[in-house]
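Asker: Generate coordinates for the sequence data below:
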Amino acid sequence: MYISDLGKNEMTLCELEVYAGVNAKVNYSFDFFESGLSEKEIIVQALLNGISSLIQQNNLEIKTHKKIRKIEHKFLDIKKKYVFFGPWKENKIIDKMVWDYDYNGNLVEWNWYRKDNLVRKVVISNNSNSRLSEQISYNFKNEIEKRVVYKYSQTGVLLEETYYTGDGSLKGKCVYENINDRIASTVFDDSDKIIAKIEYMLSEDNRILEVKGYNADDCLIIGFDYRYDSNGWKIEERCFLEGNIRSDKIVYKYDKECRRIEDISYDEKDVIRSIIKYTYDSNDNLIGEVYHSQIKLSPMGIGKGLYGHLEQESKIDIMYKYNSEDNWIKKVYLKFEKNLSSRPVSITYREIKYY
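Answerer: Down below sits the predicted model:
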């Protein structure tokens, strides 16, 4: 599940859920039909999109009995009080993200702003079963850019999602079918040509057990599998690339209160690549995350080198501040560099509004 922006971007190589965003019902993978992507990139994006579409979870992680109306994240940059010296201070809002919910708890709109200017907007429609029926994506001019329509069986099983451009032209579609204990997704482009095949294995309680992405020739491009303990907590996930060669592995550790306390990432030779450690207060609130890259040029993203590399060995702390309801309202990122003390990198404020 979603842990932090840090975890999403720099550590959890196989953490599929987080790549769909803070709220998995927002489809951030519209662009896997775009030209210029490699075969691997198309298949990875299609695979992640399928996770989002099949599971459709609201990962709010908010403690309340109230009806949530809106969640707002404000991302601030940091600068010195004076040009070259003095304490660090909050500067200005560089990004803002807003999630709007209806009275039934369904996400209905997501907006991303940069310096108060709209960057992207997604409007979501849900059916009577609170399942996605349509998503419309708007660009910074508030023009329709893309649209996705979802089709279900009479029993609520996802059958198909169809993608359209802003002018209504077909971009492609994903067709789902249940085969034995697996869900198979076939991805077609606008000319009805197969561009990816994905297989998902889910547990009875909707947990991901295994997912594999193939090209049109049925060659495995990337795959993941998961192990859980007797309490249902995820304890290991592995990533496989072409030739079924293991690329990455993450081991999750928990304390006796079943709180996640450590994520350890290994490379294909079982050398530790990076570690995240979590600390909690007496109310079980996460109050700190420490990320440490063990080696230079640690691969980040899914698979080797797919999304670039960290520039150097690094250590990052994340500290949280909570309100009286035990919901975090402030998150501070601190970076430790060689021969330097820690310095703040960014600050995120979260505001929660209710009906």
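Asker: Could you give the bridge partners of the residue lying closest to E199 once chain neighbours are set aside?
Answerer: Spatially, and ignoring its direct neighbours in sequence, E199 is nearest to K212 (4.8 Å; Cβ to Cβ, 6 or more residues apart in numbering). Yep, even glycine has a C-beta here, placed from its N, CA and C like the rest. For K212, the beta-bridge partners under DSSP bridges are E199, G223.
Asker: ok, K212 touching I198?
Answerer: Yes. Applying Cβ atoms under 8 Å as the test, K212 and I198 come out as touching, 7.0 Å apart.
Asker: Looking at those two, which is more packed in?
Answerer: When neighbours are counted by other Cβ atoms under 10 Å, K212 and I198 differ, and I198 comes out ahead with 27 against 20.
Asker: what sits against the more buried one?
Answerer: Shown in contact with I198 (Cβ atoms under 8 Å, 6 or more residues apart in numbering): 43, 46-47, 50, 184-185, 187, 211-214.
Asker: Centre of the chain to stretch 38-50, how far?
Answerer: A distance of 14 Å separates the C-alpha centroid of stretch 38-50 from that of its chain, computed with Cα atoms, centre = their mean, to the nearest Å.
Asker: Looking at it now, give me its mean pLDDT.
Answerer: Mean pLDDT, taken over the full extent of stretch 38-50, equals 82.
Asker: Of all the residues in that stretch, which ones are buried?
Answerer: Residues of stretch 38-50 classed as buried: 40-50 (neighbour count, 16 or more other Cβ atoms under 10 Å).
Asker: Check stretch 184-198 too.
Answerer: For stretch 184-198, the buried set under the neighbour-count rule, 16+ other Cβ under 10 Å, comprises 185-189, 195-198.
Asker: now do stretch 279-299
Answerer: By neighbour count, and taking 16+ other Cβ under 10 Å as the criterion, the buried residues in stretch 279-299 are 280, 286-287, 289-293, 298-299.
Asker: pLDDT, secondary structure and distance to I136 for those - can I get that in CSV?
Answerer: Rendered in CSV, the data for these read as follows (pLDDT from 0 to 100; DSSP: H, G, I helix; E, B strand; the rest coil; distance: Cβ to Cβ, whole Å):
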residue, pLDDT, secondary structure, distance to I136
Y280, 93, strand, 40
L286, 89, strand, 34
I287, 89, strand, 38
E289, 83, strand, 35
V290, 83, strand, 40
Y291, 78, strand, 36
H292, 78, strand, 41
S293, 71, strand, 39
S298, 40, coil, 38
P299, 39, strand, 35
